[in-house]
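A.B. asks: structure for this input, please:
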Amino acid sequence: MMNTELKTKAPGTALFPARKKVTISASDMVAATSLDGESQFPLVLEPRLERRDLAGWIAGQQNYLREQLRIHGAILFRGFGVDSAAGFRSCVAALSPELLDYTERAAPRKEIGKSIYTSTEYPADQCIPLHHEMSYSHHWPMKIWFYCDEPAASGGCTPIADDRKVFGLIDERVRAEFLKKKVMYVRNFGQGVDLPWQEVFQTDDRRTVEKYCSETGIEFEWRCGDRLRTRQIRQVVVKHPETGDLTWFNHAHMFHVSNLEPAVRSALLSEFREDELPRNAFFGDGSRIPDEVLEAIRRTYSDAAVRFAWRRGDLLVLDNVLATHGRDPFTGERRTLVAMAEMYTNPDVS
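C.D. replies: The predicted structure follows:
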């Protein structure tokens, strides 16, 4: 019998040709569209292929996504089949691995997973005006993500606005006065109204609070009955560290007493002076900000807002300097989750 020998060739020869590196562009897997066929705020990304590993795709397209976020300010991921809080976290971490904890709080939230929170827990029949996340602080997240786990039966939109446009719509005289004086936020904790200082600063230790305040330019005063009063003067406008765009970046219209429902405002003012309210905003020199000025700013944000109906599994990421967000009233069991990433510290605050 004749012996036969099968001779093999090394990979890269004719029998086993070397594999060629294939580069798949962002547009090969995802279609970039818009909500109305015209405006690209937000930019809408939808899958072209049946396989929808959004976290994997985000990890491979970081440069593309960061560029698009700088251009548009907001990106809505739709139709990718993200179906859990864990899946949401994986998508966020694929672009920004270090998620942030919610410190120096201004609103109640529940942490349902590591650095994944419920959206602001606020009465369903009331709206939350558009704002930048943590613009009252000395630092803030550069990115904020939202995930629709359960859409509302009706209402419940997360209105968003391009703050580069909003900045130009605010009266020049208003801008000039705010820029000259800045904004002072006054908060009074421990009066049985609003958040306690322990929740805001996430500690029961007074010394930890004092250290945080001293390091971040917050004036503090301990008062009888375990009460705390803080004052902090913060910026009005911010220049985006990458694009150079100027945006209206403060919480004056949110903290100011004029943002309260009339009945609530009347009840609180019957008990407290304006500087003793749970929270309020003044000009940086301590003078009062006229109600009509802040009403005009809230109206400007509302007029500039873009709204869309949430679909289960939607993800929305905002550049927190270029875009603002809010919440419309709703009915039903709305559940929206939030994650924050990429902390930026105001270099003007020592």
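
A.B. asks: which helix runs longest in this protein?
C.D. replies: helix 291-304 (DSSP state H).

A.B. asks: show residues contacting it.
C.D. replies: 129-130, 159, 161-162, 165-166, 169-171, 174, 248, 252-253, 256, 258-259, 281, 324, 326 (Cβ atoms under 8 Å, 6 or more residues apart in numbering). Just so you know, the C-beta spots here come from the backbone N, C-alpha and C atoms, and that holds for glycine as well.

A.B. asks: how many residues are close by R207?
C.D. replies: 8 (other Cβ atoms under 10 Å).

A.B. asks: i'd like the first residue to be 317 from this point on
C.D. replies: Sounds good: first residue 317 from here, last item R523.

A.B. asks: quick one: low-confidence ranges for the stretch 367-516 of the chain?
C.D. replies: 367, 420-424 (pLDDT under 70).

A.B. asks: correct me if wrong: D542 contacts G506.
C.D. replies: Yes: look at D542 against G506 with Cβ atoms under 8 Å: they come within range, at 5.3 Å.

A.B. asks: more crowded one of the two?
C.D. replies: Set D542 next to G506 and count neighbours by other Cβ under 10 Å: G506 wins out with 19 against 12.

A.B. asks: if I look at the residue nearest to the more buried one when sequence neighbours are not counted, how far off is P594?
C.D. replies: Once flanking residues are discounted, G506 sits nearest to R543: 3.7 Å by Cβ to Cβ, 6 or more residues apart in numbering. Applying Cβ to Cβ, to the nearest Å, the value for R543 to P594 is 11 Å.

A.B. asks: overlap in contacts of these two?
C.D. replies: With Cβ under 8 Å, 6+ apart as the test, R543 and P594 both reach N504, F505, Q507.

A.B. asks: for the nearest residue to the second one once chain neighbours are set aside, give its distance to R539.
C.D. replies: Translated: F505. Leaving aside its chain neighbours, F505 sits nearest to W513 (3.8 Å; criterion: Cβ to Cβ, 6+ apart). Counting by Cβ to Cβ, the gap from W513 to R539 is 11 Å.

A.B. asks: more neighbours: which of these two?
C.D. replies: Counted by other Cβ under 10 Å, W513 and R539 do not tie: W513 has more neighbours, with 22 against 12.

A.B. asks: show me where the stretch 317-466 of the chain has its helices.
C.D. replies: 342-345, 370-376, 378-388, 401-411 (DSSP state H, counting those that start in this stretch).

A.B. asks: starting at the chain centroid, how far to stretch 457-467?
C.D. replies: Its chain's C-alpha centre and that of stretch 457-467 lie 8 Å apart, by Cα atoms, centre = their mean, to the nearest Å.

A.B. asks: what comes into contact with it?
C.D. replies: 385, 398, 401, 404, 407-408, 411-412, 416, 435, 449-450, 474, 625-637, 641, 648-660.

A.B. asks: please pick the buried ones from those residues.
C.D. replies: 385, 398, 401, 404, 407-408, 411-412, 416, 435, 449-450, 474, 626, 629-637, 641, 650-658, 660 (16 or more other Cβ atoms under 10 Å).

A.B. asks: inside strands: which ones of those residues?
C.D. replies: Of these, the ones assigned to strands by DSSP state E are 631-635, 641, 651-658, 660.

A.B. asks: from those residues, which is closest to T559?
C.D. replies: Set against T559, the nearest of these by Cβ to Cβ is D635 (8.7 Å).

A.B. asks: beta partners of the closest one?
C.D. replies: Legend: beta-bridge partners of D635 under DSSP bridges are K459.

A.B. asks: just the pLDDT at it, thanks.
C.D. replies: The score at D635 is 98. That number is its pLDDT.

A.B. asks: what's the spacing between it and H641?
C.D. replies: Counting by Cβ to Cβ, the gap from D635 to H641 is 11 Å.

A.B. asks: ok, now which ones touch D399?
C.D. replies: By Cβ under 8 Å, 6+ apart, the residues touching D399 are G629.

A.B. asks: ok, now how distant is it from F357?
C.D. replies: 27 Å.
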